[in-house]
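# Generate a structure from the sequence data that follows.
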Amino acid sequence: GGRARYVRLEEAGQKLGFITPLTHNFCESCNRVRLTCTGELFMCLGQEDNADLRKPLREYPDDDRALENAIRA
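I've put the predicted structure just below:
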């Protein structure tokens with residue numbers, strides 16, 4: 001139940017969801033962030049700006065201030 005549009009893959013019997021913010025703009029109601037498996041935090045699907053969270057987590061594992069600063073920056 002989100003913004004994805006689903007298609008059914010008959011061969012696999014599964015559904016595949018697509019989120020297309022550029023053709024179905026929902027930015028004004030979006031409240032989600034995206035965190036990749038490489039530690040990049042994206043505030044928007046349509047932008048390239050991101051915060052690198054891996055570096056402060058590795059360099060300062062016991063200090064949340066470095067992580068908070070990276071997110072705020």
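
# can you give me the helices for the chain?
54-59, 64-72 (DSSP state H).

# Nearest to Q47, out of the ones you listed?
If you check each of the helices of the chain against Q47 by CB to CB, helix 64-72 wins as the nearest, at 15.5 Å. (Each C-beta comes from the backbone N, C-alpha and C, glycine too.)

# residues of that closest one that come out buried?
A66, L67, A70 (16 or more other CB atoms under 10 Å).

# in the chain, which ranges drop under the pLDDT threshold?
1-3, 20-29, 45-46 (pLDDT under 70).

# where do the strands sit along it?
Listed in chain order, the strands of the chain (DSSP state E) span 5-9, 14-18, 34-35, 40-42, 50-52.

# Now tell me what touches the last one from outside.
Same thing as strand 50-52. Here strand 50-52 makes contact (CB atoms under 8 Å, 6 or more residues apart in numbering) with G39, E40, L41, F42, M43, A70, I71, A73.

# What distance do you get for the second one to A70?
E40 is 11 Å from A70, where distance means CB to CB, to the nearest Å.

# Can you lay out the contacts of strand 50-52 as TSV showing distance to F18?
Converted to TSV, these look like this (distance: CB to CB, whole Å):
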residue	distance to F18
G39	25
E40	21
L41	22
F42	17
M43	20
A70	30
I71	28
A73	31
